[in-house]
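One predicted model, sequence on top.
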Amino acid sequence: AQSVTQLGSHVSVSEGALVLLRCNYSSSVPPYLFWYVQYPNQGLQLLLKYTSAATLVKGINGFEAEFKKSETSFHLTKPSAHMSDAAEYFCAVSDNTNAGKSTFGDGTTLTVKP
Amino acid sequence: DAGITQSPRHKVTETGTPVTLRCHQTENHRYMYWYRQDPGHGLRLIHYSYGVKDTDKGEVSDGYSVSRSKTEDFLLTLESATSSQTSVYFCAISESGQGTDTQYFGPGTRLTVL
């Protein structure tokens, strides 16, 4: 069984500030982890994914995430927020036992203040 | 962008009427998924398909059925729509059903059941 917990349904930062979105997972087998972003009135698109290679994963738009097995975490960060980063972010977990199905977290809405 | 379209994009219907949503892909991906997105619940899997005529249930399949007669099309049917099925519905595709696969999402269908 898999599950994902995203801490904080809403996060607000100032433009230029650090972005930190938290994700903790639970999985009985080695997990693969994803961050997706959803802009208003659009579908989700992949930001980055961890597939058991490097634990620090770099994605698009300056985002990165670090897989920490000991903490069962996969937090998303960006050093300096931009207004265009305002969106909803979803963490997801999958594994090789489940037909590629992913379990998604409830999402975190990021607001960027000027 | 992955070639995924959904139709209709918006629909308003009345309780008790049948509704069919269509997902069409041009990527020749084997796996297709239907999710619903509700505030505070993230994305929840309704049904998925792993090939033509091969489908299986997800976590919230009650009240929904699916069909896949061609690789490119995956239909979601609400046999008798209820107000609890008011939601935004997303179709997604993935290439091989491996846990490392990225899921590519369509633009969504906003369904309102009155």
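Sure, I can see it. Residues are numbered from 1 along each chain as shown, chains lettered A, B, ... in the order given.

Every contact and neighbour count from this point should use C-alpha atoms.
Will do.

buried sites along the host helix or strand of residue B:44?
Taking DSSP states H and E as the definition, residue B:44 sits inside strand B:42-51. By 16 or more other Cα atoms under 10 Å in any protein chain shown, the buried positions in strand B:42-51 come out as B:42, B:43, B:44, B:45, B:46, B:47, B:48, B:49, B:50, B:51.

Stretch A:12-29 too?
Neighbour-count burial for stretch A:12-29 [16+ other Cα under 10 Å]: A:13, A:15, A:19, A:20, A:21, A:22, A:23, A:24, A:25.

and what of stretch B:71-82?
For stretch B:71-82, by 16+ other Cα under 10 Å, it's B:71, B:72, B:73, B:74, B:75, B:76, B:77, B:78, B:81, B:82.

picking that back up, from the buried residues of strand B:42-51, which shows the smallest pLDDT?
Least confident of the buried residues of strand B:42-51 in the model: residue B:42, at 88.

Need the nearest residue in space to it, chain neighbours excluded.
residue A:106 (3.8 Å; Cα to Cα, 6 or more residues apart in numbering or on different chains).

Provide the count of other residues in contact range of the one you found.
25 (other Cα atoms under 10 Å in any protein chain shown).

distance of residue B:34 from residue B:56?
Residue B:34 sits 11 Å away from residue B:56, going by Cα to Cα, to the nearest Å.

between those two, what contacts are shared?
B:47, B:48 (Cα atoms under 8 Å, 6 or more residues apart in numbering or on different chains).

Mind checking which of the two has more residues around it?
residue B:34 (27 against 13).

who does that one bridge with?
residue B:47, residue B:91 (DSSP bridges).

got it, and residue A:64?
Applying DSSP bridges, one finds that residue A:64 bridges with residue A:58, residue A:77.

Close to chain B: what parts of chain A are there?
Residues of chain A that fall close to chain B, judged by Cα under 8 Å from any Cα of the partner chain: A:9, A:32, A:41-46, A:51, A:90, A:94-107.

Please indicate which of those residues are buried?
Using 16+ other Cα under 10 Å, the buried ones in the residues of chain A next to chain B are A:9, A:32, A:43-46, A:51, A:90, A:94-96, A:99-107.

Among the buried residues of stretch A:12-29, which one sits closest to residue A:60?
residue A:19 (14.3 Å; Cα to Cα).
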